[in-house]
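Asker: Just need the structure, nothing else, for what follows:
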Amino acid sequence: MKTIKFFKANILQIAGLIAIVLTLSFTFAPGKTENRDKPEKVETVDTVYHYISSDMTSGAFAEPANWSTTDANGECGEPDPIRPCQITVPAGSTLSSVLSGKNNNAVLAISQGYKSNPE
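Answerer: Below you'll find the predicted structure:
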């Protein structure tokens with residue numbers, strides 16, 4: 001009898017306690033604990049840029065606007081370092097930071113392959 005009176009008098013508190021227990025059981029489910037408090041891993045990869053300009057003036061090879069991730073301007077078939085063909089920007093870096101402060105010869109030195117004179 002005392003138990004029934006207790007439940008009747010405290011029904012709202014009991015319902016609240018049940019709601020809290022149910023919420024915590026879903027929040028701390030066993031399958032979710034291994035990912036909690038871990039930063040999400042972001043997969044980063046190197047990016048290949050192709051020289052798409054015909055500009056060969058001083059400093060043109062180090063201009064990010066002259067490079068693109070799509071190759072719309074021929075293959076890397078030239079054996080002589082006339083124009084750069086492509087460069088690989090390491091993951092976590094930017095094209096601007098790789099080209100920054102380089103003259104045309106320095107960009108040619110890091111180029112993977114070369115393109116011929118524009119016609």
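
Asker: so where does residue 58 fall, helix or strand?
Answerer: Using DSSP states H and E, residue 58 sits within no helix or strand.

Asker: what residue ranges in the chain score low on pLDDT?
Answerer: Applying pLDDT under 70 to the chain picks out residues 7, 26-43, 72-73.

Asker: Just give the number of residues close to residue 53.
Answerer: When neighbours are defined as other C-beta atoms under 10 Å, residue 53 has 17 of them. C-beta: built from backbone N, CA, C; applies to glycine.

Asker: what residues are up against it?
Answerer: Each residue near residue 53 by C-beta atoms under 8 Å, 6 or more residues apart in numbering is listed here: 60, 63, 65, 66, 73.

Asker: From those, keep the buried residues only.
Answerer: 60, 66 (16 or more other C-beta atoms under 10 Å).

Asker: Which two among the contacts of residue 53 are spaced furthest apart?
Answerer: Longest distance between any two of the contacts of residue 53 is 14.7 Å, between 63 and 73; criterion C-beta to C-beta.

Asker: on that earlier part again, which one of the contacts of residue 53 is nearest residue 54?
Answerer: Distances from residue 54 to these, taken by C-beta to C-beta, are shortest for residue 73, at 7.9 Å.

Asker: Roughly how far does the residue nearest the centre of the chain sit from residue 90?
Answerer: Centroid-nearest residue in the chain: residue 44, 4.8 Å away (criterion: C-alpha atoms, centre = their mean). With distances taken as C-beta to C-beta, to the nearest Å, residue 44 is found 9 Å from residue 90.

Asker: Count the neighbours of the closest residue to residue 61 other than its chain neighbours for me.
Answerer: Excluding the flanking residues, the one nearest residue 61 by C-beta to C-beta, 6 or more residues apart in numbering is residue 107, at 3.8 Å. Number of residues near residue 107 (other C-beta under 10 Å) recorded here: 23.

Asker: separation between the residue nearest to the centre of the chain and residue 11?
Answerer: Computed as C-beta to C-beta, the residue 44 to residue 11 distance reads 55 Å.

Asker: Tell me where this protein has strands.
Answerer: Using DSSP state E, the strands of the chain run over 47-51, 67-68, 83-84, 86-89, 114-115.
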